[in-house]
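*Asks:* I'll drop the sequence and a predicted model, then ask my questions.
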Amino acid sequence: MNTSAPSMTASQDNGGQTRALLFALLPVAAVAILPLLPFVNDYIIAATVRALIFISLGQAWNVVAGIGGLLSLGHGVFLGLGCYTTGILFNHYGIPPWIGVWAGAGMAAIFALVMGSMTLRMRGVFFALATVAMSLAMVQLTRHFVDLTGGSDGLALKFNGNSWWAMQARTPMPFLYGGLVLVIVFYAITRWILGSKLGLEMQAVRDDETAAAAAGVSVFRTKLTGLMLSAVMTAVAGTLYMQFYMAIDPDAAFGLSQAIQLQLPALLGGLGTAWGPIVGGALMIFLSEVTNLGATKLEINGLDILVYGIMLLFVVLRAPKGIVGFFMDRRRGR
Amino acid sequence: MSLLAVQNLSVAYGDLFAVRDVSFAVEQGTVFVLLGANGAGKTSILRTISGLLRPRSGEVTGEGKSLVGLSPHEVARSGISHVPEGRRVFPNLTVEDNLTVSYIAERANMPAADALAAVYALFPRLAERRAQAGGTLSGGEQQMVAIGRAMMNFPKLLMLDEPSLGLSPVMAELVFERLAEIRKGGTTILLVEQNATCLEMATQGVILANGSVALSGDAHSLQDSEFVRRAYLGV
C-alpha cells in the first residue's frame, strides 16, 4: 500500500515475527518442562503457580487500568466473586468448579455492570474511590452471610482427594499447566483487545475522554465494556486461585495488600502492554519469595509488602512505563 | 433547511453567561466563521453544538432535528465533527490509530483502508508518520491528525476551534489551504477564529463580543466593516 513506511515498522517483517514468536514460546516451554528438571521441587512449582495466577490477575487488571485508564483499586471484588462463587457452589451444592467458574464470571459481569453504571460517569479519582468503597462493602457483606461464606474465618474447600472433577490436587503440578493455559489465553485476549476497535476506543478514552467523544466514541459504553471484560477475567482467574489455595477469606479477597498485588504486575511490567503483566507478575512473585525467605530468617512480618512499595517507588520514578515500556522506548531510541 | 441552525442560544457556567442569545445559520456548502476575541464565547458555542455542554436556553438543530440533549458521540455520528481547541491528539496512539478511532463504517460507506487513504491523500505527511505516536508529532502535524480524525467521520459539517493557534505562519497557511480543499470536496465548514484574516476564505460569518452577536453577514461585508477594521486589523 504505502511504500514510504518508516524504518520503525521494519522489525514487524517476517523475520521479526518469527523472532517474536520464538521469544514468546521460550518462557512457555520453560514453564512446561519445569517439573522434569532435576533441581525442581514442589516449592518451586508452587511459587511458579503463584506467579501464573498473579500474572493472570494482573493481565485482567491491565485491561481496565492499563488499556482503559480506569484506576480500579477494588478489583479484589471480582477476585472474591470468583473465589466465593466457585467455593460456595462446590461446598454447599456439590457443583464442580468447571461450572462454578462460569457462574463466578457471570456474577462478576453483573456486578461490574451495576457498579459501572453507578460509578463510570464519575471522572478520575472519584471512580477510584468508589471502587475502594465497593471493596469495603464486600467485606461487610461476606461477614454478614456467615453461613454461606464462613464470615471472617473464611471459606475452605472440602477436600476429598485428587480429582479432575473437583479440580483438586494434593500436588501443585496440575495447577502449573492450568495456570500456563490461563496466562496464554489472557495474553491472547489482551493482544486481541489491543488490536481491535474496542481496544482503540478504550485507549482513546484513556488518553482524552473529550477528544474521544468528539471522535464519535461512546465514552460510557466503552468504559463499561472494558470494566466488564476485566471483571470476568479476574473472576475466572479467581476460580484458579481458589482451587490452588483451597481457601479464601474477606481480607485475602478484598484487603489492601491483595489490591496492591493485583495492580503490581501491570504497574511493574508496563501498563497497557500485553507483556507487561507477565514480566511484572513473574518479578513480583520472585521478589516476594526471596524476601519471605529472608523475612523468616530475620523474623520480620510483611517484608514483602515493604519490598513491593520500594519496587513501585522505583518504577514510578525511573521507569513510569514499566519494564516493558522502558525497553520498548529504548529500542525506538526515545 | 439549514445544515446547522443556532437559535437564541445562551450558555452559562453557574451564574456567569458565556453566550447570550446568539443566533446564526450555516448553509450547505459554505464556510462560516465565528470571529471573536478571547472569552467572546466562541468555544462555548462549539462545545454546545457538539454536545459537550448543555445550553441554558435556546435551540440547536442539524437539518431540522434538535441536537440538544444528544451525547457528543451521537452528534459526531450524525455527521457533525468537532476539531477541538488545542488539537487533543491521543498521545499514546499511533497516527493511524488516532485516525481509525473515529472511523464509522456506516458513515464512511467504504472500508477503513480506503477512508485512511483518503485522509492520507489530504495530508501526505501523515502517511509518512503513520506508525509514530501522536504525542511525538509537531504542532502542525498534530493539527493535521486532529483534522484528519474528524474527516475519517466523513462529516457533513466540520467544526474547527482555532486550527491555526500556536502554528507557524507557514504551517497555518498549509492548514487553511487544506481546509479549502476539504470544502471543495463538499464538506461545509464552521470555523472559530480570533484572527480576522480567515475571513478571506469564508463565505458568511458572525462577529462575537462578550458572548453576543456584534455583527453578522457575508464575509466581504464583515471584512470591510468598520468594526473589523478597528478591532482586528488595527487600521
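*Replies:* That came in fine, so what should we check first?

*Asks:* tell me which residues in the longest helix seen in chain A are buried?
*Replies:* In chain A, ranked by residue count with DSSP state H as the criterion, the top helix is helix A:219-245. Buried residues in helix A:219-245, counted by 16 or more other C-beta atoms under 10 Å in any protein chain shown: A:219-220, A:222-245. (Glycine included, C-beta is placed from N, CA and C.)

*Asks:* Now do that helix: which elements does it pack against?
*Replies:* helix A:42-61, helix A:76-93, helix A:97-119, helix A:173-195, helix A:197-207, helix A:209-214 (3 or more C-beta pairs under 8 Å, 6 or more residues apart in numbering or on different chains; DSSP states H and E).

*Asks:* Need the contact partners of the helix or strand that that helix is followed by.
*Replies:* Going down the chain from helix A:219-245, the next helix or strand is strand A:247-248, by DSSP states H and E. Residues lying outside strand A:247-248 but in contact with it, judged by C-beta atoms under 8 Å, 6 or more residues apart in numbering or on different chains, are A:80, A:83-84, A:87, A:154-157, A:241-242.

*Asks:* Strand A:247-248 pairs with which strands, parallel or anti?
*Replies:* Here strand A:247-248 is paired, per DSSP bridges, with strand A:155-156 (antiparallel).

*Asks:* Tell me which residues are up against the strand it pairs with.
*Replies:* By C-beta under 8 Å, 6+ apart, the list of residues contacting strand A:155-156 from outside reads A:83-84, A:87-88, A:91, A:149-150, A:246-249.

*Asks:* Just put the helices and strands packed on helix A:219-245 in TSV and tack on mean pLDDT, distance to chain B and mean neighbour count.
*Replies:* Shown next, in TSV, are the helices and strands packed on helix A:219-245 (pLDDT from 0 to 100; distance: least, C-beta to the nearest C-beta, whole Å; neighbours: other C-beta atoms under 10 Å in any protein chain shown):
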stretch	mean pLDDT	distance to chain B	mean neighbour count
helix A:42-61	96	18	24
helix A:76-93	96	26	25
helix A:97-119	96	15	19
helix A:173-195	96	10	18
helix A:197-207	96	4	23
helix A:209-214	92	4	24
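
*Asks:* Around chain A, pick out the residues from chain B.
*Replies:* B:50-52, B:71-73, B:76-77, B:81-84, B:88-93, B:97, B:100-102, B:104, B:113, B:117, B:120, B:127-132, B:136, B:149-150, B:153 (C-beta under 8 Å from any C-beta of the partner chain).

*Asks:* Give me the subset of the residues you listed lying in strands.
*Replies:* In this view, the residues of chain B next to chain A that belong to strands under DSSP state E are B:81-83.

*Asks:* Quick check: which ranges of chain B have low pLDDT?
*Replies:* By pLDDT under 70, the weakly predicted segments of chain B are B:232-235.

*Asks:* change it to 90
*Replies:* B:1, B:37-39, B:86-87, B:105-106, B:164-166, B:194-200, B:220-235 (pLDDT under 90).

*Asks:* And the helices in it?
*Replies:* For chain B, the helices defined by DSSP H occupy B:42-49, B:72-77, B:95-101, B:105-108, B:112-122, B:124-128, B:139-151, B:169-184, B:219-224, B:226-228.

*Asks:* Which secondary structure elements does the second one sit against?
*Replies:* Applying 3+ C-beta pairs under 8 Å, 6+ apart, one finds that helix B:72-77 makes contact with helix A:209-214, strand B:80-83.

*Asks:* One more: the fifth one?
*Replies:* With contacts defined as 3+ C-beta pairs under 8 Å, 6+ apart, the packing partners of helix B:112-122 are helix B:95-101, helix B:105-108, helix B:124-128, helix B:139-151, helix B:169-184.

*Asks:* Just put the ones you listed in TSV and tack on mean neighbour count and distance to B:Leu4.
*Replies:* Putting the helices and strands packed on helix B:112-122 into TSV (neighbours: other C-beta atoms under 10 Å in any protein chain shown; distance: least, C-beta to C-beta, whole Å) gives the following:
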stretch	mean neighbour count	distance to B:Leu4
helix B:95-101	24	24
helix B:105-108	14	17
helix B:124-128	17	27
helix B:139-151	24	15
helix B:169-184	15	15
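
*Asks:* List just the one of those helices that sits closest to B:Val192.
*Replies:* helix B:169-184 (12.5 Å; C-beta to C-beta).

*Asks:* In this structure A:Ala252 contacts A:Gln258, no?
*Replies:* Yes. Counting by C-beta atoms under 8 Å, A:Ala252 touches A:Gln258, with 6.0 Å between them.

*Asks:* Same list, the helices and strands packed on helix B:72-77, but as TSV with distance to A:Ile323 please.
*Replies:* Compiled in TSV, the helices and strands packed on helix B:72-77 are given as follows (distance: least, C-beta to C-beta, whole Å):
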stretch	distance to A:Ile323
helix A:209-214	28
strand B:80-83	37
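
*Asks:* gap between A:Asp207 and B:Gly139?
*Replies:* Distance check for A:Asp207 against B:Gly139: by C-beta to C-beta, to the nearest Å, it reads 17 Å.

*Asks:* how about the nearest residue to A:Gly238, chain neighbours excluded?
*Replies:* In this structure, A:Gly238 finds its nearest non-sequential neighbour in A:Gly82, 2.2 Å apart by C-beta to C-beta, 6 or more residues apart in numbering or on different chains.

*Asks:* For that neighbour, give me its contacts.
*Replies:* Shown in contact with A:Gly82 (C-beta under 8 Å, 6+ apart): A:101, A:104-105, A:108, A:234-239, A:241-242.

*Asks:* go with 6 Å
*Replies:* When contacts are counted by C-beta atoms under 6 Å, 6 or more residues apart in numbering or on different chains, A:Gly82 touches A:104, A:235, A:238-239.

*Asks:* roughly how far apart are it and A:Ala156?
*Replies:* Counting by C-beta to C-beta, the gap from A:Gly82 to A:Ala156 is 16 Å.

*Asks:* now do B:Thr48
*Replies:* The gap separating B:Thr48 from A:Ala156 is 59 Å, by C-beta to C-beta.

*Asks:* out of those two, which sits in the more crowded spot?
*Replies:* Comparing B:Thr48 with A:Ala156 by other C-beta atoms under 10 Å in any protein chain shown, the one with more neighbours is B:Thr48, at 25 against 14.

*Asks:* Surely the more buried one and B:Arg56 touch.
*Replies:* No. Under the criterion of C-beta atoms under 6 Å, B:Thr48 is not in contact with B:Arg56, lying 9.5 Å apart.

*Asks:* got any residues that touch both of the two?
*Replies:* With C-beta under 6 Å, 6+ apart, B:Thr48 and B:Arg56 have common neighbours B:Val11.

*Asks:* picking up where we left off before, just tell me which of the helices and strands packed on helix A:219-245 ends up closest to B:Ser66.
*Replies:* Taking C-beta to C-beta as the criterion, B:Ser66 comes closest to helix A:209-214 out of the helices and strands packed on helix A:219-245, the separation being 18.8 Å.

*Asks:* Residues contacting that closest one, please?
*Replies:* Outside helix A:209-214, the residues touching it (C-beta under 6 Å, 6+ apart) are A:204-205, A:219, B:72-73, B:82, B:84, B:88.

*Asks:* Mind exporting the C-alpha coordinates of that helix to PDB?
*Replies:* Extracted in PDB, the C-alpha atoms of helix A:209-214 (Å, rounded to 0.1, in the frame of the first residue of the first chain):
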ATOM      1  CA  GLU A 209     -12.200  11.500  27.100                       C
ATOM      2  CA  THR A 210     -13.400  14.700  25.400                       C
ATOM      3  CA  ALA A 211     -11.500  14.100  22.200                       C
ATOM      4  CA  ALA A 212     -12.700  10.500  22.100                       C
ATOM      5  CA  ALA A 213     -16.300  11.600  22.500                       C
ATOM      6  CA  ALA A 214     -15.800  14.200  19.700                       C
END
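
*Asks:* any idea how far it is from the chain center?
*Replies:* The chain centre lies 28 Å from the centre of helix A:209-214; the measure is C-alpha atoms, centre = their mean, to the nearest Å.

*Asks:* Stretch A:309-327 too?
*Replies:* Here stretch A:309-327 is found 18 Å from its chain centre; the criterion is C-alpha atoms, centre = their mean.
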